[in-house]
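S.K.: how would this look folded up:
(one chain, ligands or ions: 2)
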Amino acid sequence: MEVKRICCIGAGYVGGPTCSVIALKCPEITVTVVDRSPQRIAQWNSDSLPIYEPGLDEVVRKCRGKNLFFSTEIEKNIQEADIIFICVNTPTKTFGNGKGRAADLKYVEGAARMIADVAIGHKIVVEKSTVPVKAAESISNILQANLRESVSYQILSNPEFLSEGTAIEDLLKADRVLIGGEDSPAGHAAVAALSSVYMRWIPAEKIITTNTWSSELSKLAANAFLAQRISSINSLSAVCEATGADVSEVARAIGMDSRIGPKFLKASVGFGGSCFQKDILNLVYICECLNLMEVAAYWQQVININEYQKSRFSAKVIESLFNTVTDKRICILGFSFKKDTGDTRESPAIHVAKTLIDEGAYVHIYDPKVYEAQIREDLTHPRVTDDPEATNQVVSVFTDPYSATKRTHAIVICTEWDEFLTLDYEKIYQGMMKPAYVFDGRMILDDEALTKIGFHVHTIGKKVGRHTTLTRIPLTLRCSTPQKLRENHFDNIWKK
Ligand code: UDX
Ligand code: ADP
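M.R.: Numbers count the residues shown, from 1 in each chain. Ligands and ions are numbered 1, 2, ... in the order given. Modelled structure (predicted):
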């Protein structure tokens, strides 16, 4: 089957960049990204794209209007497409059965029902959103139950492994492309058709095909493994702070073991983003449903450590500032969940800001790519505060780091933006209240240079100064009993 037209349902962080790169690499295929949000489509058709992603602007500029289109005409584009990608969001359920853990498939189901209503001819429907194992089966059930004459479908699972901030590079030079399909002649033909699209730029040996369930589970497993590495190194960062070991040295030493490898070993204030927590919760839920309670508990611990890390870091800030931040001004540098993206979903900065606000601080925030409206929306969300008005009053958002840090008592680095490496910290120090503190939740700053300027520096996973002794146990560890951590954790989960 020759693929001439692709329609992608969902113009978000996955659908937008993925289809832009497909359009770039397949000039003879017409790629249309549809979304039910007219604002989102208008932004994709404007000079100011709805998401910030290095390299994306250039790709869109090259292809838009030629073989790449953004449209709200969902039905027409579904009808014309040979391949339909489902790239809608699959957030964690906030109510009902599986609340706080299971993936909410209402958007996937909505997209499947729309396809069932309007499709004509033969369609390959590709599930790209991260979904629970067997979601393809649910999509297939909806499509088959509503089958009209002369319509036929093949459902494929083709999970997307791109990371935000490096999406274009990840898409252009994917480690692998995974395609899961039905073990039948029609299934094999559909897999071959989709493979032919990727083969325009991905070497054939990197395109792997499996059965649908393995493909679906592999995506959850990949994210669970990556998140588990971060929780592992973050758990060791607490040991380092208590003992005088340095977590970046430990990471370097273990990362040189080729069996372990150096990536995803950077200790931090905690992982964020729309995928890791959601996918692990989903995995935990699946395991519980399968009565695999030990397996569920194992993966749950990855999330528990992440919650612990965010709480531990926030507690360290408060404890270091003489155990009170009431009426103090604290500057948070970085609000996105990682550098090179404006995405704030599950950003650890939200947790840190909330804790400081709850403790009575005035919070100054600067992020190079997150808009003020987004920061305020995140911090006044019902799961973060009961009093949005009061929160808005104590939060100030700045458009440059120098004004943001002025007259503050401390700087808290929550995102590893490159521009924070080259700020004039002498100048910043002069403008701050004394003693001036830096809490580096991303291990990006030169703590020795900052100490020379006069700052008190706390870097995650690193002893403070040279006074730490092997027997010193930080207050944060002493007061965070496993019971308390569990309570905090479930409190957080159920609020979502
Ligand atoms: C992740 C997966 O990497 C990607 O394959 C999948 O398709 C979607 O989920 P993403 O969430 O965009 O991608 O970013 P990622 O680079 O994985 O970072 C996730 C979080 O982990 C960020 O908050 C990041 O700062 C943090 N992180 C990452 C660390 O704290 N330490 C590390 O060493 C790496
Ligand atoms: P992701 O990070 O998974 O790409 P986003 O939230 O960034 O998630 O994007 C998902 C997009 O899917 C949103 O723009 C949303 O409007 C769109 N969407 C959800 N359901 C439908 C649907 N049934 N039809 C069209 N678009 C949809």
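
S.K.: in the chain, what residue lies closest to ligand 2?
M.R.: Distances between the chain and ligand 2 by Cβ to the nearest ligand atom are smallest at residue 12, namely 1.9 Å. C-betas here are computed from N, CA, C, even on glycine.

S.K.: I'd say that residue and residue 89 touch.
M.R.: Yes - with contacts counted by Cβ atoms under 8 Å, residue 12 reaches residue 89, the gap being 6.3 Å.

S.K.: where does the stretch 201-350 of the chain dip in pLDDT?
M.R.: Scanning the stretch 201-350 of the chain for pLDDT under 70 picks out nothing.

S.K.: could you list the buried residues of the stretch of helix or strand residue 448 belongs to?
M.R.: Element membership for residue 448 (DSSP states H and E) is helix 447-453. Neighbour-count burial for helix 447-453 flags 447, 450 (criterion: 16 or more other Cβ atoms under 10 Å).

S.K.: what does this protein put close to ligand 2?
M.R.: 9-15, 35-37, 40, 74, 87-89, 107, 110-111, 114, 129, 274 (Cβ under 6 Å from any ligand atom).

S.K.: who touches the helix or strand that the helix holding residue 448 is followed by?
M.R.: Using DSSP H and E, the helix or strand that follows helix 447-453 in sequence is strand 456-459. For strand 456-459, the surrounding residues in contact (Cβ atoms under 8 Å, 6 or more residues apart in numbering) are 316-317, 320, 435-440, 443, 445, 447, 450-451, 464.

S.K.: in the stretch 301-450 of the chain, which spans are strands?
M.R.: Chain-ordered strands for the stretch 301-450 of the chain, with DSSP state E, counting those that start in this stretch as the definition, fall at 329-333, 362-366, 395-398, 410-413, 437-440.

S.K.: distance from stretch 281-295 to the middle of the chain?
M.R.: Here stretch 281-295 is found 22 Å from its chain centre; the criterion is Cα atoms, centre = their mean, to the nearest Å.

S.K.: list of residues touching that stretch?
M.R.: By Cβ under 8 Å, 6+ apart, the list of residues contacting stretch 281-295 reads 92, 98, 100-103, 130, 132-133, 220-221, 224, 296, 299-300, 303, 493.

S.K.: now do stretch 243-251
M.R.: So stretch 243-251 is in contact with 233, 236-237, 239-240, 262, 265-267, 443, 460-463, 468-470, going by Cβ under 8 Å, 6+ apart.

S.K.: report the contact partners of residue 192.
M.R.: Counting by Cβ under 8 Å, 6+ apart, residue 192 has contacts residue 1.

S.K.: which of the residues in the helix or strand that it is a member of are buried?
M.R.: Element membership for residue 192, per DSSP H and E: helix 185-198. Buried positions in helix 185-198, judged by neighbour count with 16+ other Cβ under 10 Å: 187, 190-191, 193-195, 197-198.

S.K.: please apply the same query to stretch 235-246.
M.R.: Applying 16+ other Cβ under 10 Å to stretch 235-246 flags 235-238, 240-242, 245-246 as buried.

S.K.: that one and ligand 1, are they touching?
M.R.: No - using Cβ under 6 Å from any ligand atom, we find that stretch 235-246 stays clear of ligand 1, coming within 10.2 Å at best.

S.K.: quick check: angle from the helix or strand hosting residue 239 to helix 185-198?
M.R.: For residue 239, the host element (DSSP H and E) is helix 212-243. Angle of helix 212-243 versus helix 185-198, following axes from the mean of the first three to the mean of the last three Cα atoms, to 10 degrees, is 50 degrees.

S.K.: can you put the buried residues of helix 185-198 in JSON lines and add distance to residue 253 and pLDDT?
M.R.: Output for the buried residues of helix 185-198, formatted as JSON lines (distance: Cβ to Cβ, whole Å; pLDDT from 0 to 100):
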{"residue": "187", "distance to residue 253": "47", "pLDDT": "96"}
{"residue": "190", "distance to residue 253": "47", "pLDDT": "97"}
{"residue": "191", "distance to residue 253": "43", "pLDDT": "97"}
{"residue": "193", "distance to residue 253": "47", "pLDDT": "98"}
{"residue": "194", "distance to residue 253": "42", "pLDDT": "98"}
{"residue": "195", "distance to residue 253": "41", "pLDDT": "98"}
{"residue": "197", "distance to residue 253": "42", "pLDDT": "98"}
{"residue": "198", "distance to residue 253": "38", "pLDDT": "98"}
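
S.K.: one step back: most widely separated two among the contacts of strand 456-459?
M.R.: Greatest spacing in the contacts of strand 456-459, by Cβ to Cβ: 435 and 443 (21.7 Å).

S.K.: residue 62 contacts residue 25, correct?
M.R.: No - the criterion here is Cβ under 8 Å, and residue 62 misses it with residue 25 at 11.1 Å.

S.K.: what residues does the protein have near ligand 1?
M.R.: By Cβ under 6 Å from any ligand atom, the residues of the chain that approach ligand 1 are 160-164, 223, 226, 230, 264-266, 268, 271-273, 275-276, 337-338.

S.K.: ok, now which ones touch residue 439?
M.R.: Each residue near residue 439 by Cβ under 8 Å, 6+ apart is listed here: 313, 316-317, 320, 410-413, 458.

S.K.: so who does the residue in the stretch 351-496 of the chain that ligand 1 sits nearest to touch?
M.R.: Closest to ligand 1 within the stretch 351-496 of the chain is residue 416: 6.9 Å, counting by Cβ to the nearest ligand atom. Residue 416 is in contact with 268, 334, 338-339, 442, 444, counting by Cβ under 8 Å, 6+ apart.

S.K.: distance of whichever residue of the stretch 301-450 of the chain sits closest to ligand 1 from residue 379?
M.R.: With Cβ to the nearest ligand atom as the measure, residue 338 is the residue of the stretch 301-450 of the chain nearest to ligand 1, at 3.7 Å. Note on residue 338: its distance to residue 379, by Cβ to Cβ, to the nearest Å, is 19 Å.

S.K.: ok, what's across the strand from the closest residue to residue 395 other than its chain neighbours?
M.R.: Among residues not flanking residue 395 along the chain, residue 363 sits closest, at 5.2 Å (Cβ to Cβ, 6 or more residues apart in numbering). Note on residue 363: beta-bridge partners residue 330, residue 395, judged by DSSP bridges.
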